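# Generate coordinates for the sequence data below:
(2 chains)
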2 protein chains.
Amino acid sequence: LAVAALAELRRIVGEDGLLTDVPRSFLQDAAGAVGVEARADAVVLPSDPEQVAAVVRWCAENRLPVTPRGGGTGLTGGAVPVEGGVVLGLERMRRLRRLDPLQWRMEVDAGMSTGDVQRLARENGLVFPPDPGAAEESQIGGNVATNAGGPHAFKYGVTGAWVTGLEVVLPSGELVRLGGTVRKDAAGYDLKRLMIGSEGTLGVITGVALRLLPAPLARSAAVAFYADAEACQEGLEAAFASGVVAAALDFVDGRTLEIVASTYPGSVPPGVGCGLMVEADGHTVGEHADAEAALLESIGEGAIQVDRHTPVDPLWRWRDTFTGAVAARRGLKLSEDVAVPVDRFATTVEAVVEIAARHGLEGCSWGHAGDGNLHASFLIEPGHRDQLSRAEAAAAELFGRVIELDGSVSGEHGIGSLKRAHYLRHADPAVLELQRQVKRAIDPLGLMNPQKVF
Amino acid sequence: LAVAALAELRRIVGEDGLLTDVPRSFLQDAAGAVGVEARADAVVLPSDPEQVAAVVRWCAENRLPVTPRGGGTGLTGGAVPVEGGVVLGLERMRRLRRLDPLQWRMEVDAGMSTGDVQRLARENGLVFPPDPGAAEESQIGGNVATNAGGPHAFKYGVTGAWVTGLEVVLPSGELVRLGGTVRKDAAGYDLKRLMIGSEGTLGVITGVALRLLPAPLARSAAVAFYADAEACQEGLEAAFASGVVAAALDFVDGRTLEIVASTYPGSVPPGVGCGLMVEADGHTVGEHADAEAALLESIGEGAIQVDRHTPVDPLWRWRDTFTGAVAARRGLKLSEDVAVPVDRFATTVEAVVEIAARHGLEGCSWGHAGDGNLHASFLIEPGHRDQLSRAEAAAAELFGRVIELDGSVSGEHGIGSLKRAHYLRHADPAVLELQRQVKRAIDPLGLMNPQKVF
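Predicted coordinates for the structure are as follows:
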């Protein structure tokens, strides 16, 4: 960028808010830099919504791309700039705008970490239920922009279910409010829901109004170990038939279990091919006890072993180690996130292993069984281009299989850059065209997070 | 329409599917015909999605407006044709496409009545939680198009929260699927959510895939009577602070109570100015018992009397009589639906009475207190144009007040024709323009339900 241009940006966001020597960390996300040619002319870090609006307006006037960025914990390159221009980081906007415990609601700057949102709720006897990974680093605005999920989405829904209002800077630079603190609103199009999950391609989310719930009083978890994915599917369906709603219904497949068994808070029995992790919660002691009893009974039938876990935190902390442990196995992994109708869960778990083997690789998966949402990994060694190519071919085949099963190429990670080709290959052209029409209508210059999603 | 045009429509939908002499019932909704000049050239009643697509394509080619119509139970004129053309009724499309009780899901034609959806779920041990009024006459597609609410939206959310997929005929006549039976999907824009609540202005919903829940095993209700709206607000906030989530938190104001007291299943004590109707439910006996105890204790403080109601049906049937009884009081009423942040509930209840009185009218309200969603009525006598004018002025003033309170001019009834002027007056011009851009992008000819929403 020309010196004059940088001076204008500096005038908007101040000396501290402009980085002209773009740090490497702003050119990648949690998936690393694989497969994306990242470049940006500058990073701006606005301090308030008005500064965001001024930056976006200036970029529109100067035809410069804007790549909005939250915590950078995404896995699909959604926050990685690919056409130069400005990376717009929200990290200096972390303010609590209001917290009304009696009305179960709060409103925050988009840059507040999701961990802080969860903590503020908890300190007031409430809960913000969505729990995608990397809560401490990820920002609530980024979670909204990707409609992030997590284990507790099974009972409580994904991030979007908790958003009553958004403050958004449109691609024109206009600052608007969509929805608000009102819990119900049937006036006009639900543009707030269009923004949720649009991965920063339709505007920059600067503020978020959230609905909360009273915190559950009691929680416990259990792990049921089964001989194989088929038996796990039966356990899963038994949990659906139990008459209660589990707080979470996660799974871990046999190959992953081999890798992480040594750190399991308990002991994994021999002959295990799949594990189901079930959480029961309740707003009262009675609610929790009843739910736990019903779930334990349902998942026990056909299980090799059932372990009860209370408190639940050690189990969920163990679950958070899977991605690192599996990557460490051979040095690298290619990970993909897919979703299928729940009755195709076991079929898909088995497909990951089978497809990987056919490409001469080890494959494994874990994730949110109750939502049919699998995180599939193909293990590779660093520096072996050939293995990476085979992993990419395996992933492409998995996406095809998932589409045949009426599933989606993204359960909760979004499309970003990295899944774009796969999404474009499988999506209905009429639905893609509909999205392009919406994009052109709202961002006619095409400057907002270009080359993302579709 | 010319004879040749009618012949072409007849060829698409068959002899039985075309009504050239438009029945009066297709020119109004449950709000009657007040304030809308209705006209249509023909009614078409397609039998399947392909016929809907063919009709819409034919209308696009011939530049004829299409007004999609569900059960006609709306209250804002949303399904009333105002520019001629074709009324497209979904009433012959009532097929169950699939019901998977083990996976808590079903898929139905858009014309299935919401009552049938609820019944099918219940017969399989499940529940479809949304319960807007007129379930037997309204259609699930219309409920989705208006994102209908109801008392149980407090705990379970409005209709849109239960939709995982839509089949939609776009204004071009193209038939697309947005989402599906998968419970989680982060691929591409959430166009399904854009369609939900768009009142038939962006396409015709022909099929709906729904998420369901296990049916609650136990339910009970209670009514707490308070001296005034302020005391009721305290009861409401106590229910929020109880640590449990009520299944419903409805209210009825003092003036309405006077009118409906004689049919209350119990006896209304003297000196009552507001009543709170609370439902507790649970998937187990323990969950229900705990929730009921917590809620009864919370709403009891400050109440003149608390009545327990089990089974709950007589209480909710009584609630369904309010609208008829209040209208019968003087012969007619002008009813409006508004929503405010929950802490402004009592202020708004009092504002309805005060604004009505200032216009020389009686005003009253009931509705969904927990969602800050009031159904306000201004009582008028038939044939008194002057009273109707004053009621309209009072409603306009109420909308202004609600906006000052950070509320919405529509909590759950939508905008349609009847609330359009009010919505246009109060909405942010930038947000209106954003909606117009989306509308133009998806319906460039402007033929889909013209003159509705904005």
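# Local confidence estimate at the residue minimising distance to the centre of chain A?
Geometric centre of chain A, nearest residue: A:Ala148, 3.5 Å, by C-alpha atoms, centre = their mean. Looking at A:Ala148, its pLDDT stands at 96.
# On the three-state scheme, it is what?
Classification of A:Ala148 using DSSP: H, G, I helix; E, B strand; the rest coil returns coil.
# what's the spacing between it and chain B?
Applying C-beta to the nearest C-beta, to the nearest Å, the value for A:Ala148 to chain B is 8 Å. To be clear about C-beta, it is placed using only N, CA and C from the backbone, and glycine gets the same treatment.
# now do A:Ile259
25 Å.
# ok, that residue - contacts?
A:322, A:325-326, A:329, A:364 (C-beta atoms under 8 Å, 6 or more residues apart in numbering or on different chains).
# repeat for A:Ser365
A:253, A:256, A:348-349, A:352, A:374-377.
# That one belongs to a strand, doesn't it?
Yes - checked against three-state DSSP, A:Ser365 lies within a strand.
# Quick check: bridge partners of it?
A:Ala376 (DSSP bridges).
# Can you tell me how far it is from A:Glu412?
Distance of A:Ser365 to A:Glu412, given as C-beta to C-beta, to the nearest Å: 14 Å.
# can you check A:Val326 too?
Distance, A:Val326 to A:Glu412, by C-beta to C-beta: 18 Å.
# Which of the two has more residues huddled nearby?
Set side by side, A:Val326 and A:Glu412 give different neighbour counts by other C-beta atoms under 10 Å in any protein chain shown, the larger being at A:Glu412 (28 against 23).
# Now that one: closest residue in space that isn't a chain neighbour?
Among residues not flanking A:Glu412 along the chain, A:Gly149 sits closest, at 3.4 Å (C-beta to C-beta, 6 or more residues apart in numbering or on different chains).
# Could you tell me which strands sit next to the host helix or strand of A:Glu279 in the sheet, and their orientation?
In the assignment (DSSP states H and E), A:Glu279 maps to strand A:274-282. Here strand A:274-282 is paired, per DSSP bridges, with strand A:218-226 (antiparallel), strand A:248-253 (antiparallel).
# can the contacts of A:Ser365 go into JSON lines with extra columns for distance to A:Gly446 and pLDDT?
As requested, those are exported to JSON lines (distance: C-beta to C-beta, whole Å; pLDDT from 0 to 100):
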{"residue": "A:Asp253", "distance to A:Gly446": "41", "pLDDT": "98"}
{"residue": "A:Thr256", "distance to A:Gly446": "41", "pLDDT": "98"}
{"residue": "A:Thr348", "distance to A:Gly446": "35", "pLDDT": "98"}
{"residue": "A:Val349", "distance to A:Gly446": "39", "pLDDT": "98"}
{"residue": "A:Val352", "distance to A:Gly446": "36", "pLDDT": "98"}
{"residue": "A:Leu374", "distance to A:Gly446": "33", "pLDDT": "97"}
{"residue": "A:His375", "distance to A:Gly446": "32", "pLDDT": "97"}
{"residue": "A:Ala376", "distance to A:Gly446": "32", "pLDDT": "97"}
{"residue": "A:Ser377", "distance to A:Gly446": "34", "pLDDT": "97"}
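# Compile those into CSV and extend it with columns for distance to B:Gly282 and neighbour count.
Shown next, in CSV, are the contacts of A:Ser365 (distance: C-beta to C-beta, whole Å; neighbours: other C-beta atoms under 10 Å in any protein chain shown):
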residue, distance to B:Gly282, neighbour count
A:Asp253, 34, 28
A:Thr256, 36, 24
A:Thr348, 34, 24
A:Val349, 33, 31
A:Val352, 38, 26
A:Leu374, 32, 27
A:His375, 33, 23
A:Ala376, 37, 28
A:Ser377, 39, 30
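# For the stretch 51-200 of chain A, which residue gets nearest to chain B?
Across the stretch 51-200 of chain A, no residue is closer to chain B than A:Arg193, which sits at 3.6 Å (C-beta to the nearest C-beta).
# Tell me the confidence at that residue?
We have a pLDDT of 97 for A:Arg193.
# quick one: it and B:Tyr189 touch, right?
No - contact criterion C-beta atoms under 8 Å: A:Arg193 and B:Tyr189 do not qualify, at 9.7 Å.
# Contact partners for A:His288?
Counting by C-beta under 8 Å, 6+ apart, A:His288 has contacts A:216-220, A:280-282.
# Just among these, which is most surrounded?
Neighbour max across these (other C-beta under 10 Å) = A:Ala280, 29 neighbours.
# Quick check: the gap between that residue and chain B.
Distance from A:Ala280 to chain B, by C-beta to the nearest C-beta: 11 Å.
# So that residue sits against A:Leu295, correct?
Yes - with contact defined as C-beta under 8 Å, A:Ala280 reaches A:Leu295; the gap is 5.2 Å.
# which residues do these two both contact?
The contact lists of A:Ala280 and A:Leu295 share A:222, A:244, A:246, where a contact means C-beta under 8 Å, 6+ apart.
# give me the low-pLDDT residue ranges for chain A?
Scanning chain A for pLDDT under 70 picks out A:33-36.
# quick one: which of the shared contacts of A:Ala280 and A:Leu295 is most hemmed in?
A:Ala246 (29 neighbours).
# Contact partners for it?
A:154-155, A:239, A:278-280, A:291, A:295, A:370.
# could you dump the residues you listed to a markdown table with distance to B:Glu15?
Output for the contacts of A:Ala246, formatted as a markdown table (distance: C-beta to C-beta, whole Å):
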| residue | distance to B:Glu15 |
| --- | --- |
| A:Phe154 | 49 |
| A:Lys155 | 50 |
| A:Ala239 | 51 |
| A:Val278 | 56 |
| A:Glu279 | 58 |
| A:Ala280 | 58 |
| A:Ala291 | 55 |
| A:Leu295 | 55 |
| A:Gly370 | 49 |
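# Run a quick neighbour tally on A:Arg98.
11.
# other SSEs contacting the helix or strand hosting it?
Element membership for A:Arg98 (DSSP H and E) is strand A:96-100. Contacts defined by 3 or more C-beta pairs under 8 Å, 6 or more residues apart in numbering or on different chains; DSSP states H and E place strand A:96-100 against strand A:105-109.
# Specify the next element, helix or strand, located C-terminal of the strand it packs on.
helix A:114-123.
# How about the residues of the stretch 351-454 of chain A by chain B?
Within reach of chain B by C-beta under 8 Å from any C-beta of the partner chain, the stretch 351-454 of chain A has these residues: A:368, A:370-373, A:406-415, A:419, A:423, A:427-428, A:430-432, A:434-435, A:437-442, A:453-454.
# From those residues, which land in strands?
Of these, the ones assigned to strands by DSSP state E are A:368, A:373.
# Which of the residues of the stretch 351-454 of chain A next to chain B are buried? Put it as a ChimeraX command.
The ChimeraX selection below is limited to those of those classed as buried (16 or more other C-beta atoms under 10 Å in any protein chain shown):
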select /A:368,370,371,372,373,406,407,408,409,410,411,412,413,414,415,419,423,427,431,432,434,435,437,438,439,441,442,453,454
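# Touching, A:Ile304 and A:Asp228? I think so.
No - between A:Ile304 and A:Asp228 there is no contact under C-beta under 8 Å: 10.4 Å.
# Any chance of JSON lines for the contacts of A:Ile259, columns secondary structure and distance to B:Leu388?
JSON lines is the format used below for those (DSSP: H, G, I helix; E, B strand; the rest coil; distance: C-beta to C-beta, whole Å):
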{"residue": "A:Phe322", "secondary structure": "helix", "distance to B:Leu388": "66"}
{"residue": "A:Ala325", "secondary structure": "helix", "distance to B:Leu388": "71"}
{"residue": "A:Val326", "secondary structure": "helix", "distance to B:Leu388": "70"}
{"residue": "A:Arg329", "secondary structure": "helix", "distance to B:Leu388": "75"}
{"residue": "A:Cys364", "secondary structure": "strand", "distance to B:Leu388": "69"}
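# Buried only: go through these for me.
Buried subset of the contacts of A:Ile259 (neighbour count, 16+ other C-beta under 10 Å): A:322, A:326, A:329, A:364.
# and the residue nearest to the residue of the stretch 51-200 of chain A closest to chain B when sequence neighbours are not counted, backbone torsions?
Spatial nearest neighbour of A:Arg193, chain neighbours left out: B:Arg193 (3.6 Å); criterion: C-beta to C-beta, 6+ apart. The phi/psi pair for B:Arg193 (degrees, to the nearest 10) reads phi -70, psi -30.
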